[in-house]
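Trainee: quick one: sequence and predicted model below, then my questions.
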Amino acid sequence: MSHPYCSYRSLFPTLSTHVHLASCSQGALAQPVSKAIEEYHNGLLLSGSNWDEAIEKVEETRKKFAELIGAETDEIAVLSSVSDAISAIATSLPYQKEKNKIVFTDIDFPTVGHIWLAQEQFKDNITFIRSSNGIIHVEQYEKEVKHDTLLTCIPHVCYYNGYMQNLKVIADIVHKKGSLLFVDAYQSAGQIPINVKEMDIDILAAGTRKYMLGIPGVAFLYIKKELAENLKPRVTGWLGQEKTSEFDIYHPVFAAGARRFETGTPSFISVYAAYEAIKLLLEVGIDNIQSYLKELTRFTLHYGQEKGLHIIGPLSTKCRSSMTSFYVENASKIEGFLREKNIVVSARKDVIRIAPHFYNTKDELEYAIAELSNLINGK
């Protein structure tokens, strides 16, 4: 298999010494992203304050993420984590006696359950959709989402096994029941094309440190414009106000659109990194990235089975992302052994997750899978 993005590999210094296959946890750091971090640091070091430049960078980054998911700029809030984004929505939804059910799944990242179960007004009106072998069939949404469901939360891609859901199909189902759709795109943004308008997504959250090639400290919250205007945040701050420069403590007025969910000063250094990371992704093209990663995934599934490894999740690229999970009883220990060989993967519970990005090669996957097989089989 030829590598169509060979010229980009030199942008990722870690690839010269490590096999980096942990994009589901932390993407490799590219030189343009590193330089952006230095730019922010040098701005403080040399001028003492770079507030205006940093605020401008927030706006530029907001536009870049909006472009990435097909949204309007005012539909994007810049926050610090996906957990903050989910909490912001959970605390702002109006409780209605006739429509008060919250639905989420057992393939969601645990923070989703933690947040919703902490909401007193909703915790007794929660429905869990339970998966079968790590997969949720669309018929389950037809059954479990009812006309009194206020919000349905789903992951685009499951963090544990790489299972990918059809967002447009699920959106159609839940909307027929009158439910809003909240998508956690942390494991998909940056590797799978997303268009929130075409997919008819109401709310979406994603962070930058995984497939979006950034660092911790920045997440984005998309809220459909007409919905955002009808929500009143209970968690807000001065940057969530219409006129931040007036510093009016007595007469708060929410900003337009999703911006009303912003709070205080963001992690500017993470914003600088996010801008360059998203710029790089857009340059390569998410459609191109997905197409190449499908090739790598087919190889991973085939070679993993050839080596006798137990794959968790779908065995077809049709409903899985580029992340492949292999069952390993002592996953954390094996992760450490692979790290000693300069192979960077990510363990979760009883699986080793191998998650390539567009900068990886088939040879790297072959090497990592062979070493994983040797460790499991005691060779």
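Mentor: Yep, that arrived. This is a predicted model, so every value here is computed, not measured.
Trainee: helices along the stretch 51-200 of the chain, start to end?
Mentor: 51-69, 82-90, 110-117, 138-144, 167-176 (DSSP state H, counting those that start in this stretch).
Trainee: contacts only, for the residue nearest to Pro266 when sequence neighbours are not counted.
Mentor: Here the nearest residue to Pro266 in space, its sequence neighbours aside, is Val78; by CB to CB, 6 or more residues apart in numbering that works out to 5.5 Å. All C-beta spots, glycine's among them, are computed from the backbone N, C-alpha and C. Val78 makes contact with 58, 61-62, 218-220, 262, 266, 271, according to CB atoms under 8 Å, 6 or more residues apart in numbering.
Trainee: list the buried residues of stretch 39-46.
Mentor: By neighbour count, and taking 16 or more other CB atoms under 10 Å as the criterion, the buried residues in stretch 39-46 are 39-40, 43.
Trainee: in strands only, show me these.
Mentor: Restricting those to those inside strands, with DSSP state E as the criterion, leaves an empty set.
Trainee: which residues does the lengthiest helix in the chain contact?
Mentor: For the chain, the longest helix by residue count, based on DSSP state H, is helix 286-306. Helix 286-306 is contacted from outside by 1, 4-5, 68, 190-194, 281, 311, 315-317, 320-322, 324, 326, 354, 356-358, 360, 362, 365-366, 369, using CB under 8 Å, 6+ apart.
Trainee: from the residues you listed, which land in strands?
Mentor: Cross-referencing those against strands under DSSP E gives 311, 324, 326, 354.
Trainee: who's sitting farthest from the centroid in this structure?
Mentor: Most distant residue from the mean C-alpha position of the chain: Tyr250, 36.7 Å away (CA atoms, centre = their mean).
Trainee: on the three-state scheme, that one is what?
Mentor: For Tyr250, the secondary-structure state derived from DSSP: H, G, I helix; E, B strand; the rest coil is coil.
Trainee: tell me the spacing between it and Thr236.
Mentor: 15 Å (CB to CB, to the nearest Å).
Trainee: got it, and Gln305?
Mentor: Gln305 sits 51 Å away from Thr236, taking CB to CB as the criterion.
Trainee: pull the CA atoms of stretch 289-297 into PDB?
Mentor: C-alpha atoms of stretch 289-297 as PDB (Å, rounded to 0.1, in the frame of the first residue of the first chain):
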ATOM      1  CA  ILE A 289      -8.200  11.000   5.600                       C
ATOM      2  CA  GLN A 290     -11.200   8.800   6.000                       C
ATOM      3  CA  SER A 291     -10.600   7.000   2.700                       C
ATOM      4  CA  TYR A 292      -6.900   6.300   3.600                       C
ATOM      5  CA  LEU A 293      -7.800   5.200   7.100                       C
ATOM      6  CA  LYS A 294     -10.300   2.700   5.700                       C
ATOM      7  CA  GLU A 295      -7.500   1.000   3.800                       C
ATOM      8  CA  LEU A 296      -5.400   0.900   7.000                       C
ATOM      9  CA  THR A 297      -8.400  -0.500   9.000                       C
END
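Trainee: for it, what is the average pLDDT?
Mentor: Per-residue confidence for stretch 289-297 averages out to 97 on the pLDDT scale.
Trainee: mind listing what Met212 touches?
Mentor: Met212 is in contact with 27, 189-190, 206, 274, 277-278, 281, counting by CB under 8 Å, 6+ apart.
Trainee: let's see it at 6 Å
Mentor: With contact set as CB atoms under 6 Å, 6 or more residues apart in numbering, Met212 has these partners: 189-190, 277.
Trainee: can you check what pLDDT the model gives it?
Mentor: On the pLDDT scale, Met212 is placed at 98.
Trainee: tell me how many other residues crowd His52.
Mentor: Actually, residue 52 is Asp. It isn't His. Burial of Asp52 is recorded as 8 neighbouring residues (other CB atoms under 10 Å).
Trainee: need the contact list for it.
Mentor: Taking CB under 6 Å, 6+ apart as the criterion, Asp52 is in contact with no other residue.
Trainee: ok, it to Leu282 distance?
Mentor: According to CB to CB, Asp52 and Leu282 sit 25 Å apart.
Trainee: same deal with Ser10?
Mentor: Where Leu282 is concerned, Ser10 sits at a distance of 19 Å (CB to CB).
Trainee: repeat that for His41.
Mentor: According to CB to CB, His41 stands 25 Å off from Leu282.
Trainee: what is the orientation angle of the host helix or strand of Ser34 with helix 51-69?
Mentor: Using DSSP states H and E, Ser34 falls within helix 31-47. Using axes from the mean of the first three to the mean of the last three CA atoms, to 10 degrees, the direction of helix 31-47 lies 160 degrees away from that of helix 51-69.
Trainee: the helices in the stretch 201-350 of the chain, which residues?
Mentor: In the stretch 201-350 of the chain, the segments counted as helices under DSSP H, counting those that start in this stretch are 225-228, 268-284, 286-306, 331-340.
Trainee: helices or strands up against the second one?
Mentor: Read it as helix 268-284. Packing contacts for helix 268-284, counted by 3 or more CB pairs under 6 Å, 6 or more residues apart in numbering; DSSP states H and E, involve helix 31-47, helix 51-69.
Trainee: between the ones you listed, which gets nearest to Gly178?
Mentor: For the helices and strands packed on helix 268-284, the distance to Gly178 is smallest for helix 51-69, at 24.1 Å, taking CB to CB.
Trainee: angle of that closest one against helix 286-306?
Mentor: Using the same axes, to 10 degrees: helix 51-69 against helix 286-306 is 70 degrees.
Trainee: pull the CA atoms of helix 51-69 into PDB?
Mentor: C-alpha atoms of helix 51-69 as PDB (Å, rounded to 0.1, in the frame of the first residue of the first chain):
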ATOM      1  CA  TRP A  51      -4.700  39.500  25.000                       C
ATOM      2  CA  ASP A  52      -5.900  41.100  21.800                       C
ATOM      3  CA  GLU A  53      -4.000  38.700  19.600                       C
ATOM      4  CA  ALA A  54      -5.200  35.700  21.700                       C
ATOM      5  CA  ILE A  55      -8.800  36.800  21.500                       C
ATOM      6  CA  GLU A  56      -8.500  37.200  17.700                       C
ATOM      7  CA  LYS A  57      -7.000  33.700  17.600                       C
ATOM      8  CA  VAL A  58     -10.000  32.300  19.400                       C
ATOM      9  CA  GLU A  59     -12.300  33.800  16.700                       C
ATOM     10  CA  GLU A  60     -10.100  32.400  13.900                       C
ATOM     11  CA  THR A  61     -10.200  29.000  15.600                       C
ATOM     12  CA  ARG A  62     -13.900  29.100  16.000                       C
ATOM     13  CA  LYS A  63     -14.200  29.700  12.300                       C
ATOM     14  CA  LYS A  64     -11.900  26.800  11.500                       C
ATOM     15  CA  PHE A  65     -13.900  24.300  13.600                       C
ATOM     16  CA  ALA A  66     -17.200  25.600  12.100                       C
ATOM     17  CA  GLU A  67     -15.700  24.900   8.700                       C
ATOM     18  CA  LEU A  68     -14.600  21.400   9.800                       C
ATOM     19  CA  ILE A  69     -18.200  20.400  10.700                       C
END
